[in-house]
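A.B. asks: 3D model of this:
(one chain, ligands or ions: 1)
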Amino acid sequence: MPITKQTIAIIGAGGNMGSAIAKSIAGDNYRLLLFDRAPEQLGTLTEEIQQVQPEADLESMNCPHESSWEADIIILAVPHKAEKEIADKIRDVATQKIVISIANPVDGDFSKLTTAPDTSAAEELQQWLPHSKVVKAFNTTFAADFGQPLIDGKQADAFIAGDDENALEAVTELVETAGFNPIIAGDLSVSGTLERMQLLLMQLTIRNNDEWLAGWKILRN
Ligand SMILES: NC(=O)c1ccc[n+]([C@@H]2O[C@H](COP(=O)([O-])OP(=O)(O)OC[C@H]3O[C@@H](n4cnc5c(N)ncnc54)[C@H](OP(=O)(O)O)[C@@H]3O)[C@@H](O)[C@H]2O)c1
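C.D. replies: Modelled structure (predicted):
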């Protein structure tokens, strides 16, 4: 449990992942600042959250810069191809803040990643935001999983990678609040592995008609 209430900006809050994350962490622990290019989507999301969590601390925002300025943690719930543009808009207000990279940079037919083999979406984001603490998280959990993080009776694992210990601790708490079992996989260079893992899970999910309800679990005694 965080000692003080943290403020989380979700950029792309009206999308599948942005809304799933917002619903899963809304509550006593966090103040949520929601931004979407299509603000009408936020009205519906806010209503849905407040029906379940009347005390949820939510605010709809007008721009990514203002959202990030007020936030302790910034979640970019947008496609990787949009992240450079958003990074350019928030760079000055994201300094020393945690920025969560949830992106899986897959091509249109889920056949390959669009990033070069020696990097990852998270490492590119870190280059675009050199003074922020980029953490990879929530890329190995499908949006559909958030409604039921118990899959086949087991709490789904959610992998986290990053270079800053305090940032990893804060994101671990966030992932736990969202209902997943957090596993710190390593430093930010592990992000490429996490993104390739999820490409494989997407391909298997499509082949098995799992309707995006699938996840990862490390089994151990
Ligand atoms: N879906 C999943 O299960 C899943 C799982 C793990 C990770 N991810 C990752 O999560 C991210 C979002 O995926 P999603 O499935 O939630 O996609 P989505 O439903 O299409 O939502 C994407 C959001 O990003 C916004 N957006 C796109 N381009 C933008 C730009 N240039 N500036 C500002 N906002 C922009 C969209 O706004 P508009 O509505 O205005 O276009 C929308 O709100 C992706 O990086 C994806 O790889 C997805």
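A.B. asks: quickly check: whatever helix or strand K84 lives in near the ligand or not.
C.D. replies: If you go by DSSP states H and E, K84 is part of helix 83-90. Yes: part of helix 83-90 sits near the ligand under the criterion C-beta under 6 Å from any ligand atom, namely E85, I86. For the C-beta atoms, the positions are set from N, CA and C on the backbone; glycine is no exception.
A.B. asks: may I have that helix as CSV, with CA atoms only?
C.D. replies: Presented in CSV, the C-alpha positions along helix 83-90 are these (Å, rounded to 0.1, in the frame of the first residue of the first chain):
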residue,chain,number,x,y,z
GLU,A,83,4.9,7.6,-28.3
LYS,A,84,7.6,9.8,-29.9
GLU,A,85,5.0,12.5,-30.5
ILE,A,86,3.7,12.3,-27.0
ALA,A,87,7.2,12.2,-25.5
ASP,A,88,8.0,15.5,-27.3
LYS,A,89,4.9,17.0,-25.7
ILE,A,90,5.6,15.9,-22.1
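A.B. asks: so which bits of it are buried?
C.D. replies: With burial defined by 16 or more other C-beta atoms under 10 Å, the residues of helix 83-90 counted as buried are E83, I86, A87, I90.
A.B. asks: which residues touch it?
C.D. replies: The contact list for helix 83-90, computed with C-beta atoms under 8 Å, 6 or more residues apart in numbering, reads 11, 63-65, 68, 74, 76, 78, 94, 101, 103, 121, 124-125, 128-129.
A.B. asks: what's the first helix or strand after it?
C.D. replies: Following helix 83-90 toward the C-terminus (DSSP H and E): strand 98-101.
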